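# My questions concern the predicted model and sequence given below.
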Amino acid sequence: MSSASAATSSEAEQRFRLVLWLAVIPGVLSALSFALLVEDRGLPAKRKYEFTTALRRLPKAYRRYLAAVALFAFGDFSPALLMLAVTTLMSPQTGLLVAAQWAAWLYVLRNFVQTLVSLPIGFLGDRWGIRRSLLAGYFLGAAVGGGTALVFALGWNHLAVFAGLFILSGAYAAFQEALEPAAAAAMLPEAVRGVGYGSLGAVNGAGKLVSSGLVGWVWSLVSPAAAFVVAAGLMAAGSLALSWAFFSSGSAGGQDCAAGSE
C-alpha cells in the first residue's frame with residue numbers, strides 16, 4: 001500500500017512539473033520575440049527635468065487615465081485566485097489532487113489564450129479604436145469577476161464553466177497588455193513618455209498588490225463569492241472611470257490619437 005501511494009505521488013509530481021514547464025513557454029517566446037525581432041533605435045537627447053517636475057508635466061487627461069487604471073487594478077485579482085476557486089469547488093467531487101491538476105492545466109490554457117489573441121486584439125485596436133477596445137477589455141475583466149462570484153454563489157463545479165472563465169481571463173489580460181501602453185502613448189508628449197510609462201507600471205503594480213490582499217482578505221473573512229463581488233465591483237468602477245477619462249469633455253473628443261502620427 002505504501003509503495004502504491006509513493007508511486008501515485010511521484011506520478012502526480014511529474015504531471016505538475018510538466019504543467020509548470022508548459023506554462024513557461026509563452027514567457028520564453030515573448031522574451032525571444034523582443035530579443036530577435038525588436039530593433040531599438042534610441043531617442044535623441046532631451047532636456048533634463050527633475051523627477052517631480054516630470055511628474056507634474058504629465059497631461060491632466062493622462063492623470064485621469066492613471067486613476068481609472070488604478071481603480072480597475074484594485075479589483076484585478078491574480079489568476080492564482082481563479083486556480084484556488086477551481087480547487088475549492090472541484091475538490092469535493094474529484095479530490096484535491098485531481099482538482100489542483102485541472103487548475104494548473106486551466107492556467108496553461110489561460111496563458112495560451114492570452115498569447116494567441118494578443119495580436120488580433122492589437123489589430124482590433126487599430127481598426128476599432130484603441131480606447132473603445134481597451135474599454136471593452138476592462139468590462140470583460142469585470143464580467144470575469146462577476147462570473148466567478150456567480151459560480152461560487154450557485155455552487156457550480158463544471159469544468160466547462162471554469163474553462164470559459166480562464167479563457168475570458170486570458171482574453172482580458174491580453175486587452176490590458178496590448179492596449180494600455182498604446183493608449184498611454186497616444187496621450188503622452190515625447191518629453192515625458194518614459195515617466196508616463198513608468199507611472200503606468202507603478203500604478204498597475206501597486207493596484208495588483210492591493211487587489212491580492214483585499215480579495216484574499218474578503219475571501220477569508222466573509223466568503224469567496226463576496227470576494228469576487230468586491231473584485232468585480234472595483235473593476236466595473238474602473239471601467240466606468242476609464243470611459244469618463246477617455247470620452248469626457250475635451251480629454252478624448254471621441255477620437256483615438258494615432259501614436260505613430262507624431
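Looks like it arrived, so ask away.
# need the helices for the stretch 101-250 of the chain, in chain order.
Secondary structure of the stretch 101-250 of the chain (DSSP state H, counting those that start in this stretch): helices at 130-154, 159-187, 193-221, 224-247, 249-252.
# okay, now the nearest residue to F72 once chain neighbours are set aside: neighbour count?
Excluding its sequence neighbours, the residue lying closest to F72 (C-beta to C-beta, 6 or more residues apart in numbering) is G238, at 2.7 Å. Backbone N, C-alpha and C define where each C-beta goes, glycine included. If you count neighbours by other C-beta atoms under 10 Å, G238 ends up with 25.
# Could you list the low-pLDDT ranges of the stretch 51-200 of the chain?
51-54 (pLDDT under 70).
# 80 instead?
51-57 (pLDDT under 80).
# show me the contacts for the residue nearest to S223 when sequence neighbours are not counted.
Closest residue in space to S223, ignoring its immediate chain neighbours: F152 at 7.3 Å, by C-beta to C-beta, 6+ apart. Taking C-beta atoms under 8 Å, 6 or more residues apart in numbering, we find F152 in contact with A85, L89, S223, P224, A225, F228.
# Which of these ranks first by neighbour count?
Counting by other C-beta under 10 Å, top hit in these: F228 with 28 neighbours.
# Quick check, pLDDT for it.
Looking at F228, its pLDDT is 97.
# Hmm, A143 and it touching each other?
No. Assessed by C-beta atoms under 8 Å, F228 is found out of contact with A143, at 11.4 Å.
# Geometric centre of this structure: which residue is closest?
A173 (3.6 Å; C-alpha atoms, centre = their mean).
# Quick check: the gap between that residue and S243.
Distance of A173 to S243, computed by C-beta to C-beta, to the nearest Å: 20 Å.
# With A99 instead?
Counting by C-beta to C-beta - A99 and S243 are separated by 38 Å.
# Just want to know which of these two has more residues nearby.
A99 (20 against 17).
# Tell me, how many residues neighbour the closest residue to A173 other than its chain neighbours?
Distance criterion C-beta to C-beta, 6+ apart; nearest residue to A173, sequence neighbours excluded, is Q114 at 5.0 Å. Close neighbours of Q114, defined as other C-beta under 10 Å, add up to 23.
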